[in-house]
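Sequence first, predicted coordinates after that:
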Amino acid sequence: MKIGIVNDLPMVVETLRRVITAGEKHRVIWSAENGRVAIERCAQETPDLILMDMIMPVMDGVEATRRIMKLCPCPILIVTSTVTGNSAKVFEAMGAGALDVVATPVLGGKSGADGKELLVKIDRIARVAGIKERTPALSRTGMVDCPPPPAKGPHLLLLGSSTGGPQALVTVLQGLAREIPAAVVVVQHMDEQFTGGLATWLNTQLALKVRVLKEGDSPQAGVVLVAATNDHVVMRANRTFSYVREPRDNYYHPSVDVLFNSVAQHWQGRCTGVILTGMGRDGAEGLLALRQRGFYTIAQDQKSSVVFGMPKAAIEAGGARDVLPAGEIGGKIQILVGG
């Protein structure tokens with residue numbers, strides 16, 4: 001891929017250039033010291049991917065992302081060195097169209113941010129950039145939906161997402177009323193260091209209360225719980241949530257499948273499971289398990305998905321009872337839940 005770097009620190013630009021060059025699959029075609037210059041460079045030669053810093057003079061990364069996505073849209077990956085201090089701006093940029101976020105690599109450092117994670121993110125974006133998949137025929141495969149279990153406790157709403165997920169979550173959850181009698185749990189594929197910032201950002205965007213999920217939490221109406229570590233979230237037999245490391249061989253941590261399967265096993269009330277935009281197959285098996293229990297299941301449609309991988313896999317597996325644009329999912333949930 002042809003990559004553009006937007007960062008005002010020459011040392012960081014050089015570090016990013018070395019990481020990209022070492023990967024041998026991609027090349028840097030230009031760098032820009034602030035957002036305004038980035039817009040100019042992008043208009044002259046639009047790259048396949050931009051690595052965007054947040055805090056810069058003249059024009060910051062949020063405004064640059066917003067303008068680039070309007071003028072010369074291309075995939076944008078946020079690369080930031082101050083994770084905690086920049087979390088609000090990071091998710092504002094993701095709301096403006098940035099796909100994902102990663103910590104700035106430190107070559108030779110002890111933080112673990114040695115460039116490997118950056119290359120993984122770049123490679124993932126490379127696999128999906130510019131690719132539009134044909135929408136498969138919906139897998140209704142003769143499945144007869146079971147009647148839902150009797151109402152017991154709040155309606156439980158489960159949301160799983162990955163690439164493009166933060167904005168999709170806002171779009172869906174903004175469609176819910178503050179007083180909705182539903183408890184919400186979110187699993188978003190994201191590095192642990194950013195999940196607290198995701199909860200904080202969602203709290204500023206929604207009428208519902210949002211916080212990170214804590215060990216032993218129970219579903220609570222009107223509250224959105226966001227998985228907060230790299231461990232999986234599961235529902236226990238007593239219908240509380242817990243963090244577990246197993247299964248370790250699962251590619252995604254936390255895994256949507258692990259949460260959905262545990263809820264299918266233990267939840268005795270009403271439930272709706274939703275798979276949103278993302279790459280891969282995580283959530284397909286779990287959504288099917290929820291549907292087989294009689295719970296209502298929804299997959300985001302291709303047109304509104306940044307990456308159609310996860311919803312497509314769920315549809316093909318027969319797990320999705322309904323396929324909807326992100327902008328219609330909240331309204332559907334409101335009807336299902338009532339209140």
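The structure has been received and is ready for your questions.

what stretches of this protein score poorly on pLDDT?
For the chain, applying pLDDT under 70 flags the ranges 83-85, 108-114, 128-152, 339.

Show me the domain layout of it.
Following automatic domain parsing, the chain resolves into domains at 2-128, 155-337.

Give me whichever of the ones you listed is most buried.
When you average the neighbours per residue for each of these (mean count of other Cβ atoms under 10 Å), domain 155-337 leads with a mean of 21. (Each C-beta comes from the backbone N, C-alpha and C, glycine too.)

Next one: Leu158 from Gly286, what distance?
In this view, Leu158 and Gly286 are 8 Å apart by Cβ to Cβ, to the nearest Å.

what residues are shared contacts of the two?
Overlap of the contact sets of Leu158 and Gly286 (by Cβ atoms under 8 Å, 6 or more residues apart in numbering) consists of Leu259, Phe260, Gly273.

Distance to Val6 added to these, as a markdown table?
Below are the shared contacts of Leu158 and Gly286 laid out as a markdown table (distance: Cβ to Cβ, whole Å):
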| residue | distance to Val6 |
| --- | --- |
| Leu259 | 36 |
| Phe260 | 37 |
| Gly273 | 38 |
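
what about the helices in this protein?
In chain order, the chain shows helices spanning 10-23, 35-44, 61-71, 87-95, 116-128, 165-173, 192-205, 256-266, 284-292, 309-316, 326-337, with DSSP state H as the criterion.

To Ala182, which of those helices lies closest?
Each of these was checked against Ala182 via Cβ to Cβ, and the shortest separation belongs to helix 326-337, namely 4.7 Å.

Quick one: distance of that closest one to the chain centre.
Centroid separation between helix 326-337 and its chain, computed with Cα atoms, centre = their mean, to the nearest Å, is 19 Å.

what's that helix packed up against?
With contacts taken as 3 or more Cβ pairs under 8 Å, 6 or more residues apart in numbering; DSSP states H and E, helix 326-337 sits against strand 155-161, helix 165-173, strand 271-275, strand 296-300.

residues in contact with that helix?
Residues external to helix 326-337 that are found in contact with it (Cβ under 8 Å, 6+ apart): 155, 157, 168, 171-177, 180-182, 270, 272, 274, 276-277, 296, 298, 300-301, 304-305, 322, 324.

try 6 Å this time
The set of residues external to helix 326-337 that reach it, using Cβ atoms under 6 Å, 6 or more residues apart in numbering, is 155, 168, 171-172, 175-176, 180, 182, 272, 296, 298, 300, 304.

for stretch 51-69, same thing?
5-8, 16, 34-36, 38-39, 42, 76-80, 86, 89, 92-93, 96-98.

Let me have the contacts of helix 326-337 in a markdown table, extended by distance to Val212.
Output for those, formatted as a markdown table (distance: Cβ to Cβ, whole Å):
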| residue | distance to Val212 |
| --- | --- |
| His155 | 21 |
| Ala168 | 19 |
| Thr171 | 21 |
| Val172 | 19 |
| Gly175 | 23 |
| Leu176 | 19 |
| Ile180 | 20 |
| Ala182 | 19 |
| Thr272 | 22 |
| Tyr296 | 26 |
| Ile298 | 24 |
| Gln300 | 24 |
| Ser304 | 27 |
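
Just name the closest of those to Glu117, please.
The shortest approach to Glu117 among these belongs to Ala168, at 22.6 Å (Cβ to Cβ).

What does the closest residue to that closest one other than its chain neighbours show for phi and psi?
The shortest distance from Ala168 to any non-neighbouring residue, by Cβ to Cβ, 6 or more residues apart in numbering, is to Leu276 (4.4 Å). Backbone geometry at Leu276, expressed as degrees, to the nearest 10, gives phi -110, psi -180.
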